[in-house]
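> sequence first, predicted coordinates after that:
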Amino acid sequence: MWLLVGLAARNALRNVQRTMLTALTVVFGTALLTLALTWEHGVFGNITQLAAAGAGHVRLVDPDYAQREDLFPLYENVPDVEAAVKRVSAVDGVTSAYPRIVSGVTLSAGEEIGDVFGLAVGAPLDWYTEILDVDAHLVEGRMLENDDEIVLGSTLVKKTGVKLGEELLVLGLTQDGAMSPVKGKVVGIVHASNALIDQQVYLTFPKVQYMTDMDGAATEILVYGEDYWDAADLRDAVKAGGAGGALQVEAWSDREPWSGILATFTVIQTILSGIIVFITALGVWNTMMMSVLERTGEIGVMRAMGLGRMGAVSLFVMEALAIAAIGGLVGVALGAIPAYALEVYGVDLGERIVQNAGDVPFSARMHGDLSWGVAVDAFLLGLLMAVVGSGPPALRAASIQPVAAMRSRR
Amino acid sequence: MKRFLLALLLAVSAASAAPEAGAADLPSASEVIKQIDRNMTFETRTMTITMASVNPRRTREFTMIAYGRGETEAAIEYTAPAREAGTRMLRKDDELWMYMPSVEKTQKISGHMLRQGMMGTDVSYEDMMAAGDLESDYDAKITAVEDCGAEFAGRQCWKMELNAKDPSISYPRRVAWIDTEYKIMARQELYAVSGMLLKKWTMSDVQKFDDGRYFPMKMEIADQLQQGTKTTLTFKDVKFGVDLQEEVFTMRWLERK
């Protein structure tokens, strides 16, 4: 084994130009992978984090509400929501739980009742500040303090023309479908460049309970644990404890569009990484094949001296791995420079993407997420490039017949 | 054999002639519709309405005072429950307005909103404010004499098919059972253009008024597009031909504090 390692190292240094070419191919591939994975992790992480915050790591709803959620069937609600929240909060692993009501409304500033549509959200104030971080995105004014106040997303501010301190009429529906108006003073304007924050009307929970005529009830209970990626475990814990009763208990990742988006992201990541690995492996294959052709005679001698087929394969694969290990480290280091810039500065995708994102909380400015995990993934994929790229030449070397090789004099 | 064939021929002829003889006994639809309109339309009218709405989750009850003048003007003021008290609605010609006292704003109800359930009940805004006569909106045909069914069970009704002259109206087709004595609808089914059954109305507690008209003091409406819902309208203090203040049908009345 060590003999093969030594031979592989020596061979790598025999033709420095070719080795450098192989290494540069791997450097380019791993640098590109580092940048791509940083971007993909950043975008995916940003969206999923916002999604899990907004949707709850786990959510408890009436099963009929979940079925027709797009229509906001407020009558399919959770009665005596305070008791239900208490029950769920006592489950192991639950760090917090909040009731929430979301309802479609029209908004009007001034005398005429307008036709600006928005989503009215009613939740406890600490859900806004500790979970959704609405206060971190305040661009004017302050957060809600009492029932007669409204915090408005910037997209709705633009559409209604309302200004800070002015009165806004929110025309919603009761759970029975009757028109139900409430009004309040706009005390804060938030802008986060994402649809989740910017296209909503934030009201106190009691105010929305009044508007929807849902005294003591809510449409959802949002439950949070330590890490949103452990939502499935939290869901199972809530179910096992029976805290949900007849309510439907679902992890954020179970729900559409997130379950579909998660699958799509996995496919995108696999395809993206696969393309980079394949292209880089082609470069490795090219240089390693040159090496095999150059050393046909030498391989023939070694085979005649007893080197087996596996030994011949290992010799070339180890050579490629040695080059890829060094090239991979350099590639990750070089790729980390633009990846870090991507993490710090991000890329402005424009407000249009936010408006067209529908339920997906796209941010207009997306940042990368450079982590040790990304670096290790890129490095390991660099080694994979070497294995894939050196495989065919190594197999060719293993198939060389000693007599034929020595006759070729190469 | 000849006798048998002759007897069979006579029997068949008699059977085929029977429906025609029955149809000839049915009254003219236009005459019946005029009589229905005489019972249901008015120059002026006031009444107190209790509207009970039942859905699978809960039951709610509203009380309101309703004013009407002719076919084009109607006004309603909610007096209970406290949440809705002070809410007023005004219909003038084809426009409908609603005043919301909690925010001191007036909302024009138009387009598809007119067909939504008023206060989330099975009765739409359009249903509640409608006062038009059937004769001008529908072509009618009486097709049979049947038991009235429902609250009028045991009484004779004419089954009437009504097809809208203008298919854009709320209910392009109605099938109504008209009490042969009272000349009011005992029940009716309201259909969409597509033929889908939208609502069923059942009337009861018929009362005869001083001017000779019959009027149902109770109506039950079930929206067939909703499951397990029904709305009952109970009328009290119904007065026809009363003097109404001019102010009632104005925006000033609607928005008064």
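Nice, thanks for sending it over.
> please, which helix or strand holds the closest residue to B:V175 other than its chain neighbours?
The spatially closest residue to B:V175, leaving aside those adjacent along the chain, is B:E189, at 4.7 Å (CB to CB, 6 or more residues apart in numbering or on different chains). Just so you know, the C-beta spots here come from the backbone N, C-alpha and C atoms, and that holds for glycine as well. Following DSSP states H and E, one finds B:E189 within strand B:185-191.
> mind listing what the residue nearest to B:V175 touches?
Residues in contact with B:E189 (CB atoms under 8 Å, 6 or more residues apart in numbering or on different chains) are B:174-176, B:197, B:199-201.
> now do 7 Å
Counting by CB atoms under 7 Å, 6 or more residues apart in numbering or on different chains, B:E189 makes contact with B:174-175, B:197, B:200.
> could I get these as a markdown table with neighbour count, secondary structure and pLDDT?
Listed next are the contacts of B:E189 as a markdown table, based on neighbours: other CB atoms under 10 Å in any protein chain shown; DSSP: H, G, I helix; E, B strand; the rest coil; pLDDT from 0 to 100:
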| residue | neighbour count | secondary structure | pLDDT |
| --- | --- | --- | --- |
| B:R174 | 22 | strand | 95 |
| B:V175 | 16 | strand | 96 |
| B:L197 | 13 | strand | 95 |
| B:K200 | 18 | strand | 95 |
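> which one of those is nearest A:V313?
Among the contacts of B:E189, B:L197 lies closest to A:V313 (CB to CB), at 76.6 Å.
> what's the local residue count around whichever residue of the stretch 101-250 of chain A sits closest to chain B?
The stretch 101-250 of chain A approaches chain B most closely through A:D176 (3.0 Å), counting by CB to the nearest CB. Using other CB atoms under 10 Å in any protein chain shown, A:D176 has 20 neighbouring residues.
> do the same with B:T143
13.
> that one touches B:E161, doesn't it?
Yes. Shown here, B:T143 and B:E161 form a contact pair, counting by CB atoms under 7 Å, at 5.7 Å.
> can you give me phi and psi for A:D80?
Note on A:D80: its backbone torsions stand at phi 50, psi 60 [degrees, to the nearest 10].
> roughly how far apart are it and chain B?
14 Å (CB to the nearest CB, to the nearest Å).
> do I have it right that that residue meets A:G216?
Yes. Using CB under 7 Å, A:D80 makes contact with A:G216 at a distance of 5.8 Å.
> which residue packs closest to whichever residue of the stretch 1-150 of chain B sits closest to chain A, ignoring adjacent ones?
Nearest residue of the stretch 1-150 of chain B to chain A: B:G120, at 3.0 Å (CB to the nearest CB). Among residues not flanking B:G120 along the chain, A:D176 sits closest, at 3.0 Å (CB to CB, 6+ apart).
> OK, contacts around the one you found?
Contact analysis of A:D176 by CB under 7 Å, 6+ apart lists A:75, A:213, B:55, B:60, B:120.
> and for the residue lying closest to the third one once chain neighbours are set aside, the neighbour number?
Nearest residue to B:N55, sequence neighbours excluded (CB to CB, 6+ apart): B:T229, at 4.5 Å. By the measure other CB under 10 Å, the count of residues near B:T229 is 20.
> show the pLDDT at A:V374.
Model confidence at A:V374, given as pLDDT, is 87.
> secondary structure element for it?
helix A:372-398.
> and A:V186, bridged to which residues?
A:I150 (DSSP bridges).
> that one reaches A:V170, doesn't it?
No. The pair A:V186 / A:V170 is not scored as a contact, 10.7 Å apart, by CB under 7 Å.
> show me the helices in the stretch 151-257 of chain B, by range?
B:251-254 (DSSP state H, counting those that start in this stretch).
> which stretches in chain A count as strands?
Applying DSSP state E to chain A gives strands spanning A:58-61, A:96-108, A:116-123, A:138-141, A:149-153, A:167-173, A:179-190, A:200-204, A:220-224, A:248-251, A:347-348, A:365-366.
> same for the last one, what does it pack against?
Judged by 3 or more CB pairs under 7 Å, 6 or more residues apart in numbering or on different chains; DSSP states H and E, the packing partners of strand A:365-366 are helix A:16-55, strand A:347-348.
> so which of the ones you listed is the most surrounded?
Highest mean neighbour count among those (mean count of other CB atoms under 10 Å in any protein chain shown): helix A:16-55, with a mean of 21.
> contact residues of the stretch 1-150 of chain B facing chain A?
Within reach of chain A by CB under 7 Å from any CB of the partner chain, the stretch 1-150 of chain B has these residues: B:55, B:57, B:60, B:100, B:102-103, B:105, B:107, B:116-117, B:119-120.
> try 6 Å this time
B:57, B:100, B:103, B:107, B:117, B:119-120 (CB under 6 Å from any CB of the partner chain).
> which one (most neighbours) among the residues you listed?
Neighbour counts for the residues of the stretch 1-150 of chain B next to chain A, by other CB under 10 Å, peak at B:M119, which reaches 24 neighbours.
> backbone phi and psi for the nearest residue to it once chain neighbours are set aside, please?
Distance criterion CB to CB, 6+ apart; nearest residue to B:M119, sequence neighbours excluded, is A:A178 at 4.1 Å. Dihedral pair for A:A178: phi -80, psi 150, per degrees, to the nearest 10.
> count the neighbours of the spatially closest residue to A:G56 that is not a sequence neighbour for me.
Distances taken as CB to CB, 6+ apart place A:L222 nearest to A:G56, at 3.0 Å, with adjacent residues excluded. For A:L222, the neighbour count with other CB under 10 Å is 27.
> quick one on the thing from earlier: and the angle for the helix holding A:V374 with helix A:16-55?
Using axes from the mean of the first three to the mean of the last three CA atoms, to 10 degrees, the direction of helix A:372-398 lies 140 degrees away from that of helix A:16-55.
> check which helices and strands helix A:372-398 is in contact with.
If you count contacts as 3 or more CB pairs under 6 Å, 6 or more residues apart in numbering or on different chains; DSSP states H and E, helix A:372-398 packs onto helix A:16-55, helix A:258-294, helix A:309-345.
> could you dump those to a markdown table with distance to A:V238 and mean pLDDT?
Converted to a markdown table, these look like this (distance: least, CB to CB, whole Å; pLDDT from 0 to 100):
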| stretch | distance to A:V238 | mean pLDDT |
| --- | --- | --- |
| helix A:16-55 | 15 | 84 |
| helix A:258-294 | 18 | 79 |
| helix A:309-345 | 35 | 86 |
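> please name the bridge partners of the nearest residue to A:V94 once chain neighbours are set aside.
Leaving aside its sequence neighbours, A:V94 sits nearest to A:V223 (CB to CB, 6+ apart; 5.6 Å). Assessed by DSSP bridges, A:V223 has beta-bridge partners A:V58, A:A97.
> does A:V223 really touch A:V58, like I thought?
Yes. Under the criterion of CB atoms under 6 Å, A:V223 makes contact with A:V58 at 4.2 Å.
> need the contact list for the most centrally placed residue in chain A.
Nearest to the mean C-alpha position of chain A, by CA atoms, centre = their mean, lies A:F44 at 2.0 Å. By CB atoms under 6 Å, 6 or more residues apart in numbering or on different chains, the residues touching A:F44 are A:F265.
> what's the spacing between it and A:G382?
A:F44 sits 22 Å away from A:G382, going by CB to CB, to the nearest Å.
> cool, A:Y224 as well?
Distance of A:Y224 to A:G382, given as CB to CB: 38 Å.
> what stretches of the chain score poorly on pLDDT?
Since no chain was named, I'll use chain A. A:1, A:3-4, A:8, A:12, A:110-113, A:351-364, A:405-410 (pLDDT under 70).
> my question was about chain B, not that one.
Within chain B, the segments meeting pLDDT under 70 span B:1-24, B:131-132.
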